[in-house]
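J.: quick check, what structure comes out for this input:
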Amino acid sequence: MVVGQAAGQDRRNTFVPNTDTHFVMPEYRTPAEWDARRARLQKQILWAAGLMPLPEKTPLNAQVFGRLERKGYSIEKVLIETMPGYFLAGSLYRPLGRPGKHPAVLTPHGHWTYGRLEHTPNFSGPLLGINLARQGYVSFAYDMVGWNDTVQTPHAFGTPREHLWSFGPLGLQLWNSIRAVDFVHSLPDVDPERIAVTGASGGGTQAFLLAAVDSRIAAAAPVNMVSAIMQGGSPCENAPGLRVDAFNVEIASVFAPKPMLLVAATGDWTKNVPREEYPAIRRIYGFSGKAESVETVQFEAEHNYNQAGREAVYRFFGKHLLGETDAAKLAEQDAEVEKIQDMLALHNRRLPGGALSFEALVKQWRAAARRQIDTTTSLDSLRELLSLSLAAEWPRQVTTLREGERLVLGRPGKGDRVPALWSPGSEPAALLVHEEGAEAARKSWEGRRLITAKRAFLAIDAFQTGAAVEPRDRSHEFFLTFNRSDDANRVQDILTALAYLRARPAGRIELIGSGKAAVWSLFAAAVSPLAEAPADLKLVADFKDFVGTDDDFLGKFFVPGIQRAGGMKTALLLTDKVR
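T.: As a prediction, this is how the structure comes out:
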């Protein structure tokens with residue numbers, strides 16, 4: 001417990017980050033500190049994507065067809081079944097006349113009109129694939145969801161109900177990328193130790209997310225995307241929880257110490273990369289003595305993945321994957337680009353049998369998530385999943401500011417502010433949580449009972465209740481990508497209050513939640529370290545008609561991913577000993 005000043009306003013209301021916030025890289029002082037943060041970020045990415053635990057890797061049933069042979073390379077159409085009934089399409093470029101195993105490069109695309117088949121001065125997917133193949137790579141260009149041939153979902157989707165189950169375009173694309181690695185990894189002409197990824201704009205986001213979570217990626221080149229001043233403007237780049245207390249420069253740093261090239265442009269949000277983002281990432285690389293493994297190059301241009309940027313990537317990958325440093329051999333060569341209809345995997349062709357509708361895919365995702373949770377026997381694993389959903393922590397310290405019976409609790413460095421009322425009395429102490437705040441809790445039946453019994457209790461104004469009600473801007477389209485929901489913040493405030501009481505030498509705590517706060521208290525108890533110890537905590541909460549349906553969570557306790565973590569079933573299982 002730390003006695004000191006508390007913020008005049010809750011920072012959760014005054015600092016509401018979004019895609020256009022100018023973030024600052026935290027200062028990591030030691031390799032151990034960064035390693036812990038890195039592990040946390042990897043879990044946060046996978047959790048936000050709905051991929052923790054990873055879905056079952058079912059057979060890809062790869063279809064490779066329509067081979068075209070050209071000077072020095074071939075092109076084939078590809079369909080792979082990344083999950084049962086869902087198909088990802090792409091174009092496979094291979095070198096001709098070069099026997100043996102080759103490095104592979106995945107090339108996710110950005111939001112250009114024709115996606116992987118765009119051929120303009122700002123981006124040419126075909127020229128990128130052709131030149132990589134001519135240089136000796138197997139290159140796989142694949143669609144974003146809802147683009148070109150990958151049409152079983154729209155590109156932008158994600159209702160609040162889908163958020164409960166962590167089903168959205170970012171997660172589906174990241175899963176497609178992981179399965180794309182599986183695909184190239186399985187090819188007999190690919191060296192599985194030399195798989196790289198590069199993409200620009202939205203494809204750049206896919207590139208550094210994949211590099212962060214898939215250990216098989218050996219080199220990465222995110223182009224015109226890693227930025228401290230813009231985090232991505234599409235639903236496929238924003239999932240609830242992805243950047244809570246995090247941002248893209250940290251996420252890109254997770255790839256350290258493997259080789260990474262940051263390509264930047266003076267005319268977009270990567271204008272500061274040589275002076276700001278690159279030095280920050282290089283410091284992280286320095287922890288492992290590999291500062292030279294990250295490089296940057298910037299061009300005078302608007303947002304793009306043009307020839308100059310592509311040639312920079314050829315040189316970087318050439319050095320690290322081919323052992324080739326002759327720039328002349330890695331210059332881009334022009335080529336005749338095929339007609340779009342001749343490159344589409346589904347031109348004059350239907351999706352394979354068994355292809356699911358969007359609604360059926362959502363249903364399948366939910367069923368698979370339920371099976372995974374139902375077969376998870378580790379309580380620690382379930383608690384971790386629930387904690388990730390809530391973005392909750394057990395505070396190491398609690399700051400306090402006291403004036404008589406009034407307290408303000410907080411966590412060092414967080415800026416949060418939890419007003420509270422303290423009523424002294426006999427032990428054990430109770431924590432009262434009411435949906436209308438501390439005064440309502442004191443006047444409630446439970447509060448009057450404690451006063452009559454002369455019991456000590458703490459009553460709090462959980463987030464946005466009682467005296468803690470403050471204006472909060474929720475207008476940004478991707479608010480939940482960067483900010484916890486109100487209900488998740490309420491759970492955190494209960495944890496902060498429990499940690500404050502736990503620091504006292506008074507023993508067992510009785511957590512009493514009433515009204516809607518009964519559910520807040522249940523989930524706070526479930527993720528607290530006290531849940532396994534009946535001698536430390538007793539939970540008293542009447543959930544009434546809250547049984548854990550999607551509608552219950554949508555109307556009374558909205559937290560993205562909560563159903564993916566097992567929802568009410570997980571919470572009840574984790575609190576069985578203290579109820």
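
J.: and the residue lying closest to Ser357 once chain neighbours are set aside, how many neighbours?
T.: Closest residue in space to Ser357, ignoring its immediate chain neighbours: Gln152 at 7.2 Å, by C-beta to C-beta, 6 or more residues apart in numbering. Where you see a C-beta, it was placed from the backbone N, CA and C, and this is true even at glycine. Residues within reach of Gln152, counting by other C-beta atoms under 10 Å, total 19.

J.: in three-state terms, label Gln152 for me.
T.: Put simply, Gln152 is coil when judged by DSSP: H, G, I helix; E, B strand; the rest coil.

J.: average pLDDT for stretch 387-401?
T.: Mean pLDDT, computed over stretch 387-401, is 97.

J.: low-confidence stretches in this protein?
T.: 1-7 (pLDDT under 70).

J.: measure Ser381 to Leu573 for me?
T.: Here Ser381 is placed at a distance of 12 Å from Leu573 (C-beta to C-beta, to the nearest Å).

J.: which one's more surrounded, the two?
T.: Ranked by neighbour count (other C-beta under 10 Å), Ser381 and Leu573 place Leu573 first, with 17 against 13.

J.: which residues touch that one?
T.: Going by C-beta atoms under 8 Å, 6 or more residues apart in numbering, Leu573 touches 379, 382, 566.

J.: let's see 7 Å
T.: By C-beta atoms under 7 Å, 6 or more residues apart in numbering, the contact list for Leu573 reads Leu382.

J.: pull out the buried positions in whatever helix or strand it lives in.
T.: Per DSSP states H and E, Leu573 falls inside helix 567-574. Residues of helix 567-574 classed as buried by neighbour count (16 or more other C-beta atoms under 10 Å): 567-568, 570-571, 573-574.

J.: same list (these) but as JSON lines, adding distance to Gln307.
T.: Formatted as JSON lines, the buried residues of helix 567-574 follow (distance: C-beta to C-beta, whole Å):
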{"residue": "Gly567", "distance to Gln307": "51"}
{"residue": "Met568", "distance to Gln307": "55"}
{"residue": "Thr570", "distance to Gln307": "52"}
{"residue": "Ala571", "distance to Gln307": "55"}
{"residue": "Leu573", "distance to Gln307": "57"}
{"residue": "Leu574", "distance to Gln307": "55"}
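
J.: tell me which of the residues you listed is nearest to Ile80?
T.: Top of the list for closeness to Ile80, among those and by C-beta to C-beta, is Gly567 at 31.8 Å.

J.: separation between that closest one and Leu385?
T.: In terms of C-beta to C-beta, Gly567 sits 11 Å off from Leu385.

J.: domains in the protein, by residue range?
T.: Per automatic domain parsing, the domain ranges recorded for the chain read 2-25+376-574, 49-224+256-349.

J.: tabulate these (a markdown table), appending distance to Trp34.
T.: Converted to a markdown table, the domains of the chain look like this (distance: least, C-beta to C-beta, whole Å):
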| stretch | distance to Trp34 |
| --- | --- |
| domain 2-25+376-574 | 11 |
| domain 49-224+256-349 | 5 |
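
J.: just so I know, which of the ones you listed lies nearest Gly232?
T.: The closest of these to Gly232 is domain 49-224+256-349. By C-beta to C-beta, the value is 5.1 Å.

J.: kindly check the end-to-end length of that closest one for me.
T.: 31 Å (C-alpha to C-alpha, to the nearest Å).

J.: equivalent analysis for stretch 235-254, please.
T.: One end of stretch 235-254 to the other measures 22 Å (C-alpha to C-alpha).

J.: gap between it and the chain center?
T.: 6 Å (C-alpha atoms, centre = their mean, to the nearest Å).

J.: and what of stretch 86-103?
T.: Distance, stretch centre to chain centre, for stretch 86-103: 29 Å (C-alpha atoms, centre = their mean).

J.: who touches Thr58 in this structure?
T.: The contact partners of Thr58, by C-beta under 7 Å, 6+ apart, come to 83-84.

J.: may I have the phi/psi pair for Ser293?
T.: Main-chain torsions, Ser293, degrees, to the nearest 10: phi -80, psi -10.

J.: quick check: the gap between it and Gln42.
T.: Counting by C-beta to C-beta - Ser293 and Gln42 are separated by 19 Å.

J.: swap in Asn306?
T.: Taking C-beta to C-beta, one finds Asn306 at 32 Å from Gln42.

J.: try Gly115
T.: The value you get for Gly115 to Gln42, if C-beta to C-beta is used, is 28 Å.

J.: Ala141 too?
T.: Applying C-beta to C-beta, the value for Ala141 to Gln42 is 26 Å.

J.: look at those two and report which has more neighbours.
T.: It is Ala141, of Ala141 and Gln42, that has more neighbours when counted by other C-beta under 10 Å, with 28 against 16.
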